[in-house]
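Asker: With the sequence up front, the predicted model follows.
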Amino acid sequence: MAKRVAIYLRVSTDQQTTEHQRPEVEQLARARGNIVATYEERASASKQRPEFDRMMRDARRGKLDTLVVWALDRFGRSMVGNLQDVLELDRLGVQIVSVRESWLDTAGPTRSLLVGIFSWVAEQERVRLIERTKAGMATARRRGKRIGRPRRRFDLDEVRRLVRQGASLRQAATTVGVPFSTVQRAWASDPKGCPELVDGSA
């Protein structure tokens, strides 16, 4: 009987894509059995991961035999968390296979040690990335650069005109091409005035 194989793909932000992971992960998954599920995530490993949680629930329900990932740092970036989750999958009888770490699906006393080492490296890289990001933002602020999304300018009078004609505030925001939250803040801050232009953060 062919094994039921699941795929877990993850990138850290919604600006990234899993497409570079997918071909090799799918190739390895097909070699191991029938692909029954794909869990795809665009989230930092330090934040909530609903697809990861769904995968673990399916594993506990006995729906999976094998899980294929691109690499341990895509599975998670916490040393303790990775060890716990890998051991939990072991306990559930789910074999975890990695494209980048061929040793992961082997048995032996060094496997847990290697999981810990590789996960520690990923965890430290995440810490260094955060530090570099904060340092870069601090440098940019010292140079007078604005951090965050650029301000959007829009005509609040036009919004008021649309609302008087029967449009909702949300519809008016869409019409003038500005996020609803931006228009809502401007409207709330000066509900009766009619300035020509209003700045708002997108």
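Answerer: Perfect, I can see it now. Numbers count the residues shown, from 1 in each chain.

Asker: quick one: the most centrally placed residue in the chain and residue 101, what's the gap?
Answerer: Central residue of the chain (Cα atoms, centre = their mean): residue 43, 1.2 Å from the mean position. Using Cβ to Cβ, to the nearest Å, residue 43 is found at 21 Å from residue 101. The way it works is simple: take the backbone N, C-alpha and C, and place the C-beta from them, glycine included.

Asker: And for residue 187?
Answerer: 54 Å.

Asker: okay, now residue 101: neighbour count?
Answerer: Residue 101: 19 surrounding residues under other Cβ atoms under 10 Å.

Asker: try the one 4 residues further on
Answerer: Residue neighbour count, defined by other Cβ under 10 Å, stands at 15 for residue 105.

Asker: for residue 29, same thing?
Answerer: Residues near residue 29, counting by other Cβ under 10 Å: 23.

Asker: cool, and the one 5 residues further on?
Answerer: Each residue near residue 34 was counted by other Cβ under 10 Å, and the total is 13.

Asker: quick check: domain ranges of this protein?
Answerer: 4-126, 151-201 (automatic domain parsing).

Asker: if you compare those, which one is most tucked away?
Answerer: With neighbours defined as mean count of other Cβ atoms under 10 Å, the domains of the chain peak in mean count at domain 4-126, which reaches a mean of 17.

Asker: Pull the distance from that domain to the chain's centre.
Answerer: Mean-position distance between domain 4-126 and its chain equals 15 Å (Cα atoms, centre = their mean, to the nearest Å).

Asker: what does stretch 173-188 give?
Answerer: 27 Å.

Asker: and it, average pLDDT?
Answerer: Averaging pLDDT along stretch 173-188 gives 81.

Asker: ranges for the helices of the chain?
Answerer: 22-32, 50-60, 72-75, 79-92, 110-142, 156-164, 169-176, 180-189 (DSSP state H).

Asker: Worst mean pLDDT among the ones you listed?
Answerer: helix 110-142 (a mean of 68).

Asker: follow-up on the earlier one: hang on, the residue nearest to the centre of the chain packs against residue 12?
Answerer: Yes - if you go by Cβ atoms under 8 Å, residue 43 and residue 12 touch, sitting 7.3 Å apart.

Asker: ok, residues contacting stretch 61-69?
Answerer: For stretch 61-69, contacts defined as Cβ atoms under 8 Å, 6 or more residues apart in numbering pick out 3-9, 25, 28-29, 32-33, 36-37, 55, 58-59, 75, 89, 92-99.
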